[in-house]
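Asks: Structure, please.
(chains A and B)
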2 protein chains.
Amino acid sequence: MDVDIGNALASVASPGVSRASLERLDERVADAHERIERGMTNREHGYEALNLPERTDPDEIRAAVDPVADAEALLTVGIGGSSLGAATIANAFESDTETVFLDNVDPAWVSRKLASLPLEETAINVVSRSGTTAETLANFLVVRDAFESAGVDWTERTIVTTGDSGPLRDLADRHDLPSLKVPDGVPGRFSALSAVGMVAAAVCGHDLEALLEGAAAERETLAGSLFECPAYAYGATTYALDGRGAGTNAVMPYAESLETFAEWFAQLWAESLGKDELGQTPVRALGATDQHSQLQLYRAGPRDKLVTFLTVDGGPDRSIPETDVDDLAYLGDSTLGELLAAEFEATEASLAAADRPNVRVELEAVDEYELGGLLYGMEAACVLAGELYRVNTFEQPAVEWAKKATRGLLGGGEFEEAEAVAEKTELRVER
Amino acid sequence: MDVDIGNALASVASPGVSRASLERLDERVADAHERIERGMTNREHGYEALNLPERTDPDEIRAAVDPVADAEALLTVGIGGSSLGAATIANAFESDTETVFLDNVDPAWVSRKLASLPLEETAINVVSRSGTTAETLANFLVVRDAFESAGVDWTERTIVTTGDSGPLRDLADRHDLPSLKVPDGVPGRFSALSAVGMVAAAVCGHDLEALLEGAAAERETLAGSLFECPAYAYGATTYALDGRGAGTNAVMPYAESLETFAEWFAQLWAESLGKDELGQTPVRALGATDQHSQLQLYRAGPRDKLVTFLTVDGGPDRSIPETDVDDLAYLGDSTLGELLAAEFEATEASLAAADRPNVRVELEAVDEYELGGLLYGMEAACVLAGELYRVNTFEQPAVEWAKKATRGLLGGGEFEEAEAVAEKTELRVER
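Replies: Numbering: from 1, shown residues only, chains lettered A, B, ... in the order given. You can find the predicted model right below:
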């Protein structure tokens, strides 16, 4: 990815960061880069994620999915980091394989999804590091049951990705299922470029080598200066802008195929940096659609936002047919791609004209190589930002409370958190 | 809708609002309510939206869609307020009619959507008040062309919803298409309960009367005190919390069928209140999925957020099959619906335990009556908030700049905004 931070400079935007401030910050970037490289070399928890381009073995993934390589549909059962990376990659590219991501436990929705699939031609991709994630395991039990009720042998159609031990690992062993390992030292939200994210890509026939090559090329750009490394330029600029009041980061791809990327980014940013009362709030947006929904706020609301544009050069296009309506004649000389590009340029300029900070992240295409680079680059940007914030980037302790309370509420043990649920303060206003 | 603001009180949350502050604010709510009632009575611009339950004629809408009532698929061509209300209603309920919303101009995506539809069995629902919205008209020209290329007469399958004049009105007249009027005085984001939002619902066979009855019942709750009116309780509480630092409002339905509602709400809130450097930033979330993505940030990040939960009582459920795995046995005694409900209660309590403000909005079911009430209630909440902020709720002037620049860039006239695009400040960091 290439990054343009020109519209985040104090000479353009308020809040903005001056060139001199960036140069001072660059000393901290150099130190952080040393820390990151050391973590990678020592394969420390979290930093190990940045080694995935070399560690992930595409042949192993392809071998695991071989029994279901001709599936018409793939049902991925996972949530959070066990789903978003896979969905981002799968949704970026066209495929003959229909993909469904069962990442919620809404009963009506689960039933509808299951009813929509040709189960006898559907593969199951179940992903949970611990093998105990309540939503994922509940859904997997439901899915198994649905396959059995339909007379389809789920054991012949299931791939398991999990840790070294736990219920899912036991189950894979008992039924001799093809299984892959969630890599050690790689938190879920950083695992897109491992089996966690790539099983779905393999079933869909996407180019795993190109994903990893793009990531490896991005890895080569990591350097001790934000002015030399796109990922660090992005991570350092967002950190600097947050410190100057831009606590919200709206990520706005101008490509429908990258809509899920914004979801993936939102988890990466929120869980990694959202702690110790710090961290930018990621907002998922989409160009050009959200120009007709969010742009008013971005341009004229509080000065607490950075907008991150994600643009793609080239790709397939489609002509807009000519019309004899005077007021619309200008459209007939254009293509949808030209219209979309003009919308982006206009929106970017409209924010700059209102002194609103924005950053442009550019891809050359939506292909495996470029997406691999984007995912890796944003992970590196996030790790860099975590070093600058001095937070523990790779943990997410604040989600444990609700997990315990949920388990307690369902009778899965005694937890004081479950008791706190009953003590809710009410102030109800009813019809 | 019922609203519970207990977890937004200062006794629970920081930021929070004290009961005494709410009582003082209630004097302003009484004044605002008078202003709103006057606006409704006088059918003033914007306020007229709150009269839609009485003004909208379901028979007229059903008559217009009658020629395509048996369509297998419905392609809605619109963007922003011309799409989100219709999509919210259509996506909330099951239907035998497949719905596609063409609300972006990404060429690859438009081509894929068109290729996926059985055009000879597809109806077209084109919506633009002005009849000149670039994205909508470009897409409509493309759609017409695709139908013609497939040998399907689009003039027999198209319903137009637009203003009194403009290119779309001319076109409807020229081809004698069934057409409906965007109601006067109703901004797009407030038009879900008019033809703009309800043509799609009619084609899908949803109960238009129940939508309007639910809205009318909510209208009956409007009163001069936030303690008596759920909509005003919500609008006033969000306003008070914003003033105390909760500049972000994360809307988190615990129902997949209401995911699009969060999109609709985000436009309503952002375009109506995001001006004069004021306004909360709406964030689209989804329970339980985002517990594994955003909850860490909501619970432990900056104290700048309100979380609005949207819950549904009842509905279809699905048992979780029993398992002999000890660690998962508790799931086998439950249903997916019970798990989802426990996840919600646990998440709500986990935020309260961390002193993070949150509000609960409750529906009795996901049906037309309840959704009509929810849409109306949130519109009334937004209008009330606009009165409290003292902004011009019904305008969106900040989006005009980019529209002019886009037009200029595509050769549709001379605009100084288009020239500004070329003056971008660059600071590029490249691979």
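Asks: which ones are touching residue A:111?
Replies: Neighbouring residues of residue A:111 by CB atoms under 8 Å, 6 or more residues apart in numbering or on different chains: B:316, B:318. Heads up, the C-betas are built off the backbone N, CA and C, glycines and all.
Asks: Can you tell me the element it falls in?
Replies: With elements delineated by DSSP states H and E, residue A:111 resides in helix A:107-116, which encompasses its position.
Asks: how about the residues of the stretch 51-200 of chain A near chain B?
Replies: The stretch 51-200 of chain A has residues A:79-81, A:84, A:94, A:103-112, A:132, A:134-135, A:137-139, A:141-142, A:144-145, A:166-167, A:170-171 near chain B, with proximity defined as CB under 8 Å from any CB of the partner chain.
Asks: what helix or strand does the most centrally placed residue in chain A sit in?
Replies: By CA atoms, centre = their mean, chain A has its centre lying nearest to residue A:264, at 1.4 Å. Per DSSP H and E: residue A:264 is located in helix A:259-273.
Asks: coming back round to it: of the residues of the stretch 51-200 of chain A next to chain B, which belong to strands?
Replies: Assignment to strands by DSSP state E places none of these there.
Asks: backbone phi and psi for residue A:208, please?
Replies: Main-chain dihedrals, residue A:208, degrees, to the nearest 10: phi -70, psi -40.
Asks: about what we covered before: how about the helix holding residue A:264, does it get close to chain B?
Replies: Yes. Helix A:259-273 comes into contact with chain B (CB under 8 Å from any CB), by way of A:263, A:266-267, A:270-271, A:273.
Asks: which SS state does residue A:348 fall under?
Replies: For residue A:348, the secondary structure call by DSSP: H, G, I helix; E, B strand; the rest coil comes out as helix.
Asks: And the residue lying farthest from the centre of chain A, how far from chain B?
Replies: Computed with CA atoms, centre = their mean, the residue of chain A farthest from its C-alpha average is residue A:324, at 44.0 Å. Between residue A:324 and chain B the distance, using CB to the nearest CB, to the nearest Å, works out to 10 Å.
Asks: All the helices of the stretch 301-431 of chain A, in order from the start?
Replies: Using DSSP state H, counting those that start in this stretch, the helices of the stretch 301-431 of chain A run over A:329-332, A:336-353, A:368-389, A:400-409, A:416-421.
Asks: Let me know the angle separating the third one from helix A:259-273.
Replies: By that I understand helix A:368-389. For helix A:368-389 and helix A:259-273, the angle between their directions (axes from the mean of the first three to the mean of the last three CA atoms, to 10 degrees) works out to 20 degrees.
Asks: now for helix A:368-389, which elements pack on it?
Replies: When contacts are defined as 3 or more CB pairs under 8 Å, 6 or more residues apart in numbering or on different chains; DSSP states H and E, helix A:368-389 packs onto helix A:19-41, helix A:52-55, helix A:84-92, helix A:208-221, helix A:230-243, helix A:259-273, strand A:358-363.
Asks: Could you rerun that using 7 Å?
Replies: For helix A:368-389, the helices and strands in contact under the criterion 3 or more CB pairs under 7 Å, 6 or more residues apart in numbering or on different chains; DSSP states H and E are helix A:19-41, helix A:208-221, helix A:230-243, helix A:259-273.
Asks: Leaving out the residues flanking it, which one is nearest to residue A:86?
Replies: If the residues on either side of it in the chain are set aside, residue A:86 comes closest to residue A:200, at 4.1 Å by CB to CB, 6 or more residues apart in numbering or on different chains.
Asks: Looking at stretch A:286-306 now, give me its mean pLDDT.
Replies: Averaged across stretch A:286-306, the pLDDT comes to 98.
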